[in-house]
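S.K.: dropping a prediction and its sequence here:
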Amino acid sequence: MTAAVQVRGLEKSFGDLDVLRGVDLEVAPGSIVALLGANGAGKTTLVRILSTLLAADAGSARVLGHDVATAPRDVRASISLTGQFTAIDDVLTGRENMVLVARLRHLPHPTAVADDLLARCSLADAADRPAAKYSGGMRRRLDIAMSLVGEPPVIFLDEPTTGLDPQARNEVWETVAALAADGTSVLLTTQHLEEAERLADRIAILHDGVVAHEGTLDELRRLLPPAEVEVVERQPSLEQVFLAVIGVMSAADAPSGASAPTGTELP
Amino acid sequence: MTAIHPLADTGVLTGRSLRHVLRSPDTILTTAVTPIALLLLFVYVLGGAIDVGGGVAYVDYLLPGILLITVASGVAYTAYRLFLDLQGGLFDRFRSMPIAGSSALWAHVLTSLVANLVSVAIVVGVAFAMGFRTGASVWAWLAIVGVLMLFTLALTWLAVIAGLSAKSVDGASAFSYPLIFLPFISSAFVPTDSMPAPVAWFAEHQPVTAIVDSMRALFAGSPVGADIWVALAWLVGILAVASVVAALLLRRRMR
């Protein structure tokens, strides 16, 4: 079976700066691979090469068997890129953004595709508002929804949760997990270990311009000495507290008849 | 090979960009306001002291140059919009999709053409209200619109260069200031023979004078002469060079 992504000996430098120095990487069809690395490790450079936005100096990169250098159009037809910055049109509404992408992908029913995806990404209520009015989490969801238009078999997500609050981040994680469940292959870059742990089938660590280690979470764990058993009093993390409080608040916001506090508008 | 549809894609992206113009119609009005102010200032304040000879009304003499200034200030919005697309990542989104590579640029260029023609029409309307009269035939009008469209295309490709190479929003639109100023050192406001020799030489050998003189002749319904060929040569030359430079800049982003 053809690998969704196959990278061999990929090199890229900007002037004197060798960013990628022989990267090997493979994403099996229908799997999620997390590319883990510090800021400036070259994650975005790799994703840009795979998305045909940047030319490599040496080595090869293939997406579903199509070489990014010699068959860029076939690569573009197979992929979708969700870049580091939310690439949405602020002037257009959410629906117009979606329809724009659907029409550029020459889908037969652009509006139907747009409405279906907006609903799946919980943006149906905001569909007719300009994207400029969206919150950070909504913008990212719209960004990802735009990348799902036309169901491309391979999706690149470049740091999809950077700058999101925990709740919005969890929503993005659910969307990504659902994607892989549908058979989409995902290459995800992140600098958050937890994100890789939660989502990825395999994890590749990019360091010093090469993939230093690659494997499942368990394989990577075995690189370290076996765990020792310690007794630790487990305090809830601030994140758990935050999410619990938010959950409680939104439950209390729901209309509750006569007990609603004064000033609350009932439907 | 995956099929691409350059015309359809350019159409979709132009629709998107025109929507930006429609949602902020002030961009068209802002483009028209300065030329209209110049028109009022020169016709009603300074024009009385300017003798352009031949019994020509000053508003008739001035309008072609004012129309060029309108376009020169309008194309700055193209650089601005293109820069925002590049900065926000939308341009990369389009470039990573199976669409023709040039569609994303042509959409901005065509939008500029439409928006500037609307601004120009507004300025011409105001000129008529101020007493501008023309004996131009339908063919002469078509030629005038053609020259203005070519002028807009040439300047818009310069704006594309500015948008592609800018480092900041302000930088993206700064390129248009010299373009707006160029008509002042031409036959647009006063006949060149009133200028000191070196200035007059520059004025007669820069493109604005040839373009303005041809448009003036077309409006007056008189023979155009060689000016139109000089004007067309300038415009086609600028258009060709600017679009090639823009394509090279686009390719350099791949490196």
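M.R.: Perfect, I can see it now.
S.K.: ok, stretch A:17-31 near chain B or not?
M.R.: No. Residues of stretch A:17-31 contacting chain B under C-beta under 8 Å from any C-beta of the partner chain: none, with a closest distance of 12.7 Å. Bear in mind the C-beta positions are built from the backbone N, C-alpha and C, glycine included.
S.K.: what comes up buried for that stretch?
M.R.: Buried residues in stretch A:17-31, counted by 16 or more other C-beta atoms under 10 Å in any protein chain shown: A:19-21, A:23, A:25-28, A:30-31.
S.K.: so where is chain A shaky, pLDDT-wise?
M.R.: A:1, A:227, A:248-267 (pLDDT under 70).
S.K.: please state the offset of the host helix or strand of residue B:139 from the chain centre?
M.R.: Using DSSP states H and E, residue B:139 sits in helix B:138-165. Centre-to-centre, helix B:138-165 and its host chain are 5 Å apart (C-alpha atoms, centre = their mean, to the nearest Å).
S.K.: state the mean pLDDT of it.
M.R.: Averaging pLDDT along helix B:138-165 gives 93.
S.K.: interface residues of the stretch 101-250 of chain A facing chain B?
M.R.: Residues of the stretch 101-250 of chain A lying near chain B (C-beta under 8 Å from any C-beta): A:101, A:103-106, A:146.
S.K.: dump the residues you listed into a markdown table; add neighbour count and secondary structure as well.
M.R.: Below are these laid out as a markdown table (neighbours: other C-beta atoms under 10 Å in any protein chain shown; DSSP: H, G, I helix; E, B strand; the rest coil):
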| residue | neighbour count | secondary structure |
| --- | --- | --- |
| A:101 | 26 | helix |
| A:103 | 21 | helix |
| A:104 | 24 | helix |
| A:105 | 19 | coil |
| A:106 | 16 | coil |
| A:146 | 25 | helix |
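S.K.: out of those, flag the one nearest to residue B:97.
M.R.: residue A:104 (5.8 Å; C-beta to C-beta).
S.K.: give me every residue that touches that closest one.
M.R.: Each residue near residue A:104 by C-beta atoms under 8 Å, 6 or more residues apart in numbering or on different chains is listed here: B:9, B:12-13, B:94, B:97, B:99.
S.K.: count of residues packed around the nearest residue to residue A:39 once chain neighbours are set aside?
M.R.: Distances taken as C-beta to C-beta, 6 or more residues apart in numbering or on different chains place residue A:191 nearest to residue A:39, at 6.5 Å, with adjacent residues excluded. By the criterion of other C-beta atoms under 10 Å in any protein chain shown, residue A:191 has 15 neighbours.
S.K.: thought residue A:191 was touching residue A:38?
M.R.: Yes. Contact criterion C-beta atoms under 8 Å: residue A:191 and residue A:38 qualify, at 6.3 Å.
S.K.: follow-up on the earlier one: strands - which of the buried residues of stretch A:17-31 land there?
M.R.: A:19-21, A:23, A:25-27 (DSSP state E).
S.K.: and the residue of the stretch 1-150 of chain A nearest chain B?
M.R.: residue A:87 (3.6 Å; C-beta to the nearest C-beta).
S.K.: I'd say that residue and residue B:90 touch.
M.R.: Yes. Residue A:87 is within contact range of residue B:90, at 4.8 Å (criterion: C-beta under 8 Å).
S.K.: what about the residue nearest to residue B:102 when sequence neighbours are not counted, how many neighbours?
M.R.: In space, residue B:102 comes closest to residue B:6 once its chain neighbours are excluded; the distance is 7.0 Å by C-beta to C-beta, 6+ apart. The local packing of residue B:6 (other C-beta under 10 Å) involves 13 other residues.
S.K.: who does residue A:215 form a beta bridge with?
M.R.: Residue A:215 has these beta-bridge partners by DSSP bridges: residue A:203.
S.K.: now do residue A:66
M.R.: Here residue A:66, judged by DSSP bridges, has bridge partners residue A:63.
S.K.: neighbours around it, how many?
M.R.: Neighbours around residue A:66, by other C-beta under 10 Å: 21.
S.K.: I'd say it and residue A:79 touch.
M.R.: No. Counting by C-beta under 8 Å, residue A:66 does not reach residue A:79; the two are 9.5 Å apart.
S.K.: can you map out the strands along chain A?
M.R.: Listed in chain order (using DSSP E), the strands of chain A are A:5-14, A:17-27, A:32-36, A:58-63, A:66-67, A:79-82, A:154-158, A:185-190, A:202-207, A:210-215.
S.K.: could those go into JSON lines alongside distance to residue B:146?
M.R.: Shown next, in JSON lines, are the strands of chain A (distance: least, C-beta to C-beta, whole Å):
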{"stretch": "strand A:5-14", "distance to residue B:146": "45"}
{"stretch": "strand A:17-27", "distance to residue B:146": "49"}
{"stretch": "strand A:32-36", "distance to residue B:146": "54"}
{"stretch": "strand A:58-63", "distance to residue B:146": "46"}
{"stretch": "strand A:66-67", "distance to residue B:146": "44"}
{"stretch": "strand A:79-82", "distance to residue B:146": "41"}
{"stretch": "strand A:154-158", "distance to residue B:146": "45"}
{"stretch": "strand A:185-190", "distance to residue B:146": "50"}
{"stretch": "strand A:202-207", "distance to residue B:146": "55"}
{"stretch": "strand A:210-215", "distance to residue B:146": "58"}
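S.K.: next one: residue B:116 from chain A, what distance?
M.R.: 19 Å (C-beta to the nearest C-beta, to the nearest Å).
S.K.: for the residue nearest to that residue when sequence neighbours are not counted, give me the pLDDT.
M.R.: Excluding the flanking residues, the one nearest residue B:116 by C-beta to C-beta, 6+ apart is residue B:74, at 4.3 Å. Note on residue B:74: pLDDT of 91.
S.K.: sounds good, over and out.
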